[in-house]
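> no sequence on this one, just coordinates:
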């Protein structure tokens, strides 16, 4: 599942402040989601999941996601600060199997200017990761056998081999469309990349195509055709490579 993205999380959080302030509206808010767990752009009837959002008496944001068969997919609890409304101070998200059993719980929180991630399976911490600003992440993954492995990323998600190399690639290949320059158009194009267990790109998708400038979308698609740097596949909670989606923004900003 996609965790809090700025373009979704900020809108949800800010909208929720007004939503939470009304006693009647406090009961719940329903958001229809697509296959990538993002709010649908094409209408409420075209969705894959439904998310029910409430606020607890302690001020926690509670999000319960269900599939079309009303089976529980995940439950996330988040606590926000007014000074940083687009990034939770703390969150806990539990994912469930098709039979309703909890599979794993992921904790994310900020402490000492660093982001901490812990993934727990049956009360065992299988991933303990700390990311401090621009410094490389440091952590450990515990395999089912009990062996520990040093890791530098959230291994349960696909990733780029090197963020620096990716940024250099964009710097050399990404062009600002002249039509967008003429209209002073800026934006973020979010891309979804389906990476298989061998680290190969097998599918790509523009997540916010309908709400984005067509010239920016076209440029992103052109640049993606040129990328040959490969990817690092995601792994299961048992440590095996698996196919999963990687989500990245490509930003267009005028100087």
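Here it is on my side, so go on. Computed from a predicted structure; not experimentally measured.

> would you mind measuring from residue 189 to residue 104?
For residue 189, the distance to residue 104 (Cβ to Cβ, to the nearest Å) stands at 31 Å. Bear in mind the C-beta positions are built from the backbone N, C-alpha and C, glycine included.

> of those two, who's got more company?
Higher neighbour count among residue 189 and residue 104: residue 189, with 22 against 18, using other Cβ atoms under 10 Å.

> show me where pLDDT drops low in this protein?
Scanning the chain for pLDDT under 70 picks out 1-26, 41-45, 134-135.

> show me the domain layout of it.
The chain breaks down by automatic domain parsing into domains covering 6-99, 112-154, 163-252.

> which parts of stretch 53-70 are buried?
53, 54, 55, 60, 61, 63, 64, 65 (16 or more other Cβ atoms under 10 Å).

> hmm, I typed the wrong one, I wanted stretch 167-180.
For stretch 167-180, by 16+ other Cβ under 10 Å, it's 169, 176, 177, 180.

> residues touching the last one, list them.
This points to residue 180. Residue 180 sits next to 186, 213, 215, 216, 252 when contact means Cβ atoms under 8 Å, 6 or more residues apart in numbering.

> among the buried residues of stretch 167-180, which ones are in helices?
169, 180 (DSSP state H).

> just the closest of the buried residues of stretch 167-180 to residue 243, please.
Closest to residue 243 out of the buried residues of stretch 167-180 is residue 169 (23.3 Å), distances taken as Cβ to Cβ.

> does the closest one touch residue 229 like I think?
Yes - Residue 169 lies in contact with residue 229 (Cβ atoms under 8 Å); the separation is 6.5 Å.

> residue 207: neighbouring residues, count only.
Neighbour count for residue 207, taken as other Cβ under 10 Å: 23.

> show the contacting residues for it.
By Cβ under 8 Å, 6+ apart, residue 207 lies in contact with 36, 38, 190, 191, 192, 247.

> which of those residues fall in strands?
190, 191, 192, 247 (DSSP state E).

> redo those residues as a markdown table? Include distance to residue 136.
Formatted as a markdown table, these follow (distance: Cβ to Cβ, whole Å):
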| residue | distance to residue 136 |
| --- | --- |
| 190 | 25 |
| 191 | 24 |
| 192 | 25 |
| 247 | 21 |
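
> relative to residue 221, which of those residues is nearest.
residue 191 (8.9 Å).

> how many neighbours does the closest one have?
19.

> that one and residue 219 touch, don't they?
No - if you go by Cβ under 8 Å, residue 191 and residue 219 don't touch, sitting 11.8 Å apart.

> list the buried ones in the helix or strand hosting residue 221?
Assigned by DSSP states H and E, residue 221 belongs to helix 214-226. Buried residues in helix 214-226, counted by 16+ other Cβ under 10 Å: 215, 216, 217, 219, 220, 223.
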